[in-house]
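>>> Below are the sequence and a predicted model for it; my questions follow.
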Amino acid sequence: MKNGRSALSDIYILRLGHRIYRDLRVSTHCALVAYAYGARGITFSGEKDEGLIEEVTRTVRRWGGDFTVTYEEDWRGFITNFKRRGGFIIHSTMYGINLPDVVERLRENLKEKDALLIVGSQKVPSDVYKMADVNVAVTNLPHSEVASIATILDWIFQGKELSRKLPNAKIRVIPQERGKKVVKNI
Ligand SMILES: C[S@@+](CC[C@H](N)C(=O)[O-])C[C@H]1O[C@@H](n2cnc3c(N)ncnc32)[C@H](O)[C@@H]1O
């Protein structure tokens, strides 16, 4: 296991166009879903939201693992640099190639390269479609960036990410048929 998720390289998320009041809940969910489903980090662009970054960072510190949370104003430069360093760019959009038809190509690239998975919020600028190595859809129907992150990561990692135990956790759930049990200060 290269990173506790699978034999594949790391996947980072880029969340475009965050708006502080409108998107707080959905952007938080993008980060938590990315974290839970085995991404290596998330970068937010759009309005700088220190509260959002602090909240997700605090959660990661408690529940463990090595997940980075950052902000980047210049998202075009960020994508270009990621690509220049040999990374593979995936853009999640309902207009792309449906996931079942492209997942093997994603997995092949991830054997050698880190990937950046871009999701939008408001209308995504047209150059993102051109900068991407692959525009991938989770069905060609409109739905949600949260669902698309979960589905794309789960298909790439083939469900292995669901059984990870995160290192450096301060708290962990002990699964129960009924009721709640957690251990702290592990
Ligand atoms: C609420 S949608 C807004 C899409 C917007 N109308 C546009 O033209 O880009 C926000 C984000 O969810 C993701 N998304 C929504 N439906 C999707 C789908 N069927 N497949 C993949 N990603 C999807 C995309 O990343 C999109 O940028």
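Yes, it's here. Numbering: from 1, shown residues only.

>>> Spit out the contact partners of residue 79.
By C-beta atoms under 8 Å, 6 or more residues apart in numbering, the contact list for residue 79 reads 14, 89, 116, 118, 128, 131. Where C-beta positions appear, they are placed from N, C-alpha and C, glycine not excepted.

>>> Residue numbers of this protein in contact with the ligand?
92-94, 119-121, 123-124, 137-139, 141-145, 148 (C-beta under 6 Å from any ligand atom).

>>> mind listing what's buried in stretch 166-180?
Residues 169, 172 are the ones in stretch 166-180 that count as buried (16 or more other C-beta atoms under 10 Å).

>>> what does stretch 72-82 give?
72, 75, 78, 79, 82.

>>> what's the nearest residue to the third one if we skip its chain neighbours?
Counting by C-beta to C-beta, 6 or more residues apart in numbering, the nearest residue to residue 78 once its immediate chain neighbours are dropped is residue 72, at 4.5 Å.

>>> The one you found: what's it in contact with?
Residue 72 neighbours (C-beta under 8 Å, 6+ apart): 14, 43, 44, 45, 78.

>>> hey, where'd the helices end up in this protein?
Remark: helices assigned in the chain by DSSP state H are 20-36, 50-63, 75-84, 103-110, 126-131, 145-157.

>>> now, of the ones you listed, which is deepest in the fold?
Counting by mean count of other C-beta atoms under 10 Å, helix 145-157 has the highest mean neighbour count of those, with a mean of 20.
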